[in-house]
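*Asks:* Here's my sequence, what's the structure:
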Amino acid sequence: MRTFIIKANKARTRADFSLKDLPGTSGRIDLLCRALNSAFLLSHGFRKDVRVWLNLNGPPDPPKTLRFEGSEIKPKTINPDEMNLARIIMKALKAGEGIKEPTKEYPVLPGIYVSNLRFEDIIRKTIKNSALYYLHEEGKPIERVNFKGNVAFVLGDHEGLTKEDEAFLEGIAEKVSVGRRSYLTSHVIAYVNIFLDKLF
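*Replies:* Model prediction:
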């Protein structure tokens, strides 16, 4: 199992953004759509062994988290069309309005869940059964990491993680790098997937 955890600092937590202007109104949910594409899609296939957590921390509501479970998602739910993915995220945010139990996940579509889980909650859940890695320019080169079993990767959005997030990950996530430059989150996910495909 491969898990990608993406913390989006400004992504809207309510379905009040415009699908016609995702970059300008959604807190860059368009970047999350591209990340989902890179995580799940092959040229003529779909990765069933992938899980993606999208942790949205923008206004106006408390953080919202969406979980995409590749083994449960129906064919053609995830496709290269960013608008389609944005509609799914919007549907999930609408379903998540008024959640009372912060740790409970609510189904939106097969394999897609919404909750009020915080970034720290996701990490604590993940480290129970996966080795955790924080993708960062200053990390250990990915070619020198001995990957085994279930692996999980933490990424930030275009702003990166906060100092508080990094302090929380200290000691529980190994810092790993795909290169010394800052790459787009979606490109990093694609690189990691290709690297692991070759490795395994």
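*Asks:* And the pLDDT for the spatially most distant residue from the centre of the chain?
*Replies:* Using Cα atoms, centre = their mean, the residue of the chain lying farthest from its centre is Arg144. It sits 24.0 Å away. Note on Arg144: pLDDT of 97.
*Asks:* backbone phi and psi for it, please?
*Replies:* phi -100, psi 10 (degrees, to the nearest 10).
*Asks:* In the chain, spot the strand with the most residues.
*Replies:* Counting by DSSP state E, the longest strand found in the chain is strand 131-141.
*Asks:* Would you mind pulling the contact partners of whichever helix or strand comes after that strand?
*Replies:* With elements assigned by DSSP states H and E, the helix or strand that comes after strand 131-141 is strand 151-156. For strand 151-156, contacts defined as Cβ atoms under 8 Å, 6 or more residues apart in numbering pick out 1-7, 9, 35, 123, 126-127, 130-135, 161, 165, 169, 173, 176, 185, 188-189, 192, 196. (Each C-beta comes from the backbone N, C-alpha and C, glycine too.)
*Asks:* Check stretch 52-61 too.
*Replies:* Contacts for stretch 52-61 (Cβ under 8 Å, 6+ apart): 3-14, 16, 27, 29, 32, 35-36, 39-40, 63-68, 70, 89, 93, 97, 117-119, 122, 126.
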